[in-house]
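A.B. asks: sequence first, then the predicted structure, then my questions.
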Number of protein chains: 2
Amino acid sequence: MTTDPEVELLWREEDREPRPGLSLGRIVRAAIEIADAEGLEGLSMRKVADRLGFTTMSLYRHVPGRDQLVDLMVDEAYSEQASTPEEPGTGQGWRVRLETAARQGWQLRRRHPWVAEVRGTRHLPGPNAIAYYEHTLSTLTGTGLRPSEVIAVVGMLGRFVDAEALTLVETRREERRSGVSEQDWWGSRDALYERLNSFPTLSRLWMEGGWDHPEDSFEFGLRRQLDGVEALIRERDESRDESSGCPECGTPLEPAPSGRPRVYCSRACQQRAYRRRKNG
Amino acid sequence: MTTDPEVELLWREEDREPRPGLSLGRIVRAAIEIADAEGLEGLSMRKVADRLGFTTMSLYRHVPGRDQLVDLMVDEAYSEQASTPEEPGTGQGWRVRLETAARQGWQLRRRHPWVAEVRGTRHLPGPNAIAYYEHTLSTLTGTGLRPSEVIAVVGMLGRFVDAEALTLVETRREERRSGVSEQDWWGSRDALYERLNSFPTLSRLWMEGGWDHPEDSFEFGLRRQLDGVEALIRERDESRDESSGCPECGTPLEPAPSGRPRVYCSRACQQRAYRRRKNG
DNA sequence: CCTTTGCTGTTTATGCCGTACACGTAGTAG
DNA sequence: CTACTACGTGTACGGCATAAACAGCAAAGG
């Protein structure tokens, strides 16, 4: 059994922790409260310690550092929504299921906007984040997409949700900090607009009211992304139909008794293909 | 003529600046060199000043602060690629033009990865950034998209390019900082993978090699996004065909002598629609 | 009993960061 | 000569993460 202290930290069993004093759980919860209120930039070890009534350095007895604390916070946030084991839309088509999963990610970032602010590509997922990832991936089984495509689609949607949530939380923060609404701020940049007359498309769209009644950025984007995925799935469907044979030996495929579309004509061909994939 | 010091700063005429000593241009160029090498986090006023051989505070005689310096850097970066006034693909269809514009944004972020790291929604665009925006918007004229949709599409693609560039630059930075490649780092998280056996979809995709030959994240996403936009444009096309009349009065549309598809039957109906849009 | 060990929390200090403020110094217009 | 402006400097403040040494206490082992 390999051990990795940072992995253990994220996948540890929940302590009872009835004792007074500091504890991982208390630190994480306090940190989440601060980040909910002030964003991830506003989260500092000092503030967490102050809120709990301890010195800054006391935290380091329980958490290796700020980065690992953030990892723990993220997984704690995912744990809140994992309580819905059977979401609506389980018996639906892939599109409904995938859309539902994306909306869950969106809702998570509405509740905890700082989740979208977490940067870096080496954050270890905890059990709750993995459960969500697993579920989102499972959304696309049976669509005929290749494994790498399933992963790419889920990754793409994840980055989309994060990007939208990020611009939204940044807007909100700047509005709160300055007391000026986004519309008002841009509206009073007169000196800028005076320079835009020489740009014809910009001016035309402006006159036509394009900025007066903007699209809902998340809803609009989600539709496009799903349409794009749908196009890919249809493409794969067609190629599967026209090949109409086992990709390993070419024999025509007998329909499976379960009705589920099969890819290989036999277990043997399936194994052969698997070995080839595995050995590169 | 309204004046706004921050707007003036960005849209100022280029100085000759042959004099010795500090100058805005020199500061901006030095800052870009540092950010190219160390990223936006690594950019500090001290480092810029050191590189130029002046004290930190001397910079503040020319730039109000770090944020405005970043705005200037971004516009300087956009100025580099604006030198191609007639890109290939000008006579092409909207899809080629839009894709080309997206790839230009991507190339810009390959040259200057820190551009993707700029956060915040209140960055004033300079003349070069605006020129690029104008060009990207113009890509979609004649597609039948509504103004708000044109803006939404361009915004969506911009966020997509930024998100992809951001994950890429973060990967690179962590690889450089730690000396461990992304693959190696994730590969040696054995303690994590041991916990993933209970997640069936994850395990299956793993076995099938989904992570061994991943899709190119940018290319894959770009295809999906464009397919999504194409679906929208087709949708609008159909509704335009089936309505087959002026949306204001319903009269059938005479084809324009220029061949460009027209929306309104007459100037009067166009004005009426414009007034309604304007008054809410 | 005493001592050792390990866990928990504290204290102090280092080195970054942006930038406010007071101060020089030089050139120029009155 | 003088006043004013532009430019550059030096010092200082408050913020950040965290390294290192230290203090209190409880359980374990002799």
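C.D. replies: Sure, I can see it. In this text the structure is predicted, and so the values were computed from the model without any measurement. Residues are numbered from 1 along each chain as shown, chains lettered A, B, ... in the order given.

A.B. asks: tell me the confidence at A:C269?
C.D. replies: Note on A:C269: pLDDT of 60.

A.B. asks: oh sorry, the question was meant for A:L222
C.D. replies: pLDDT recorded at A:L222 is 98.

A.B. asks: can you check the one 10 residues further on too?
C.D. replies: Predicted confidence (pLDDT) for A:L232: 97.

A.B. asks: likewise A:V263?
C.D. replies: pLDDT at A:V263 comes out at 60.

A.B. asks: what do you get for A:R16?
C.D. replies: For A:R16, pLDDT reads 64.

A.B. asks: now the spatially most central residue of chain A. Nearest residue, chain neighbours left out?
C.D. replies: Note on chain A: the residue nearest the mean C-alpha position is A:G158, at 3.5 Å, using CA atoms, centre = their mean. Spatial nearest neighbour of A:G158, excluding adjacent residues (CB to CB, 6 or more residues apart in numbering or on different chains): A:G105 at 6.8 Å. For the C-beta atoms, the positions are set from N, CA and C on the backbone; glycine is no exception.

A.B. asks: now for the one you found, how many residues are close by?
C.D. replies: For A:G105, the count of nearby residues is 21 (other CB atoms under 10 Å in any protein chain shown).

A.B. asks: what about the residue nearest to the centre of chain A, is that helix, strand or coil?
C.D. replies: Following DSSP: H, G, I helix; E, B strand; the rest coil, the label given to A:G158 is helix.

A.B. asks: isn't it up against A:L108?
C.D. replies: No - contact between A:G158 and A:L108 fails when scored by CB atoms under 8 Å: they sit 11.3 Å apart.

A.B. asks: one step back: state the distance from the residue nearest to the centre of chain A to A:E80.
C.D. replies: According to CB to CB, to the nearest Å, A:G158 and A:E80 sit 18 Å apart.

A.B. asks: in the stretch 1-150 of chain A, what residue is nearest chain B?
C.D. replies: A:P147 (3.0 Å; CB to the nearest CB).

A.B. asks: what's near enough to touch that residue?
C.D. replies: The contact partners of A:P147, taken as CB atoms under 8 Å, 6 or more residues apart in numbering or on different chains, are B:L205, B:E208, B:G209, B:G210.

A.B. asks: what's around the last one, how many residues?
C.D. replies: In terms of burial, B:G210 registers 22 neighbours under the definition other CB under 10 Å.

A.B. asks: my guess is it contacts A:V153, does it?
C.D. replies: No - counting by CB under 8 Å, B:G210 does not reach A:V153; the two are 11.2 Å apart.

A.B. asks: what's the closest non-adjacent residue to the residue of the stretch 1-150 of chain A closest to chain B?
C.D. replies: Closest to A:P147 by CB to CB, 6+ apart is B:G210, at 3.0 Å.

A.B. asks: is the one you found in a helix, a strand, or coil?
C.D. replies: coil.

A.B. asks: that one and A:V150, how far apart?
C.D. replies: Counting by CB to CB - B:G210 and A:V150 are separated by 7 Å.

A.B. asks: quick one: the strands in chain A?
C.D. replies: In chain A, no strands are found when defined by DSSP state E.

A.B. asks: in it, where is pLDDT below threshold?
C.D. replies: A:1-2, A:14-19, A:82-91, A:239-280 (pLDDT under 70).

A.B. asks: follow-up on the earlier one: residues in contact with the residue nearest to A:P147?
C.D. replies: With CB under 8 Å, 6+ apart, B:G210 has these contacts: A:R146, A:P147, A:S148, A:V150, A:I151.

A.B. asks: hmm, try it at 6 Å
C.D. replies: A:P147, A:S148, A:I151 (CB atoms under 6 Å, 6 or more residues apart in numbering or on different chains).

A.B. asks: repeat that for A:E76.
C.D. replies: Contacts of A:E76 (CB under 6 Å, 6+ apart): A:V28.

A.B. asks: which residue does the stretch 151-280 of chain A bring closest to DNA strand D?
C.D. replies: A:R177 (15.2 Å; CB to the nearest atom of the strand).

A.B. asks: residues near A:D227, how many?
C.D. replies: Counted with other CB under 10 Å, the neighbours of A:D227 add up to 20.

A.B. asks: again, but for the one 5 residues further on
C.D. replies: Around A:L232 sit 20 other residues, with neighbours defined as other CB under 10 Å.

A.B. asks: also A:L168?
C.D. replies: Neighbour tally, A:L168, other CB under 10 Å: 18.

A.B. asks: measure the nearest residue to it once chain neighbours are set aside to B:N197 for me?
C.D. replies: Distances taken as CB to CB, 6+ apart place A:P113 nearest to A:L168, at 7.4 Å, with adjacent residues excluded. Distance, A:P113 to B:N197, by CB to CB: 34 Å.

A.B. asks: before we move on, what about A:A165?
C.D. replies: 31 Å.

A.B. asks: and these two? Which one has more around it.
C.D. replies: Higher neighbour count among A:A165 and B:N197: A:A165, with 22 against 10, using other CB under 10 Å.

A.B. asks: run through who's touching stretch A:107-125.
C.D. replies: A:6, A:10, A:35, A:39-40, A:70-71, A:77, A:81, A:162, A:165-166, A:169, B:167, B:170-171, B:174.

A.B. asks: which stretches of chain A form helices?
C.D. replies: A:5-11, A:24-38, A:45-52, A:66-81, A:94-111, A:127-138, A:147-178, A:182-187, A:190-193, A:200-207, A:217-243, A:267-278 (DSSP state H).

A.B. asks: I figured the residue nearest to A:G158 hits A:F160, correct?
C.D. replies: No - with contacts defined as CB atoms under 6 Å, A:G105 does not count as touching A:F160, sitting 9.4 Å away.
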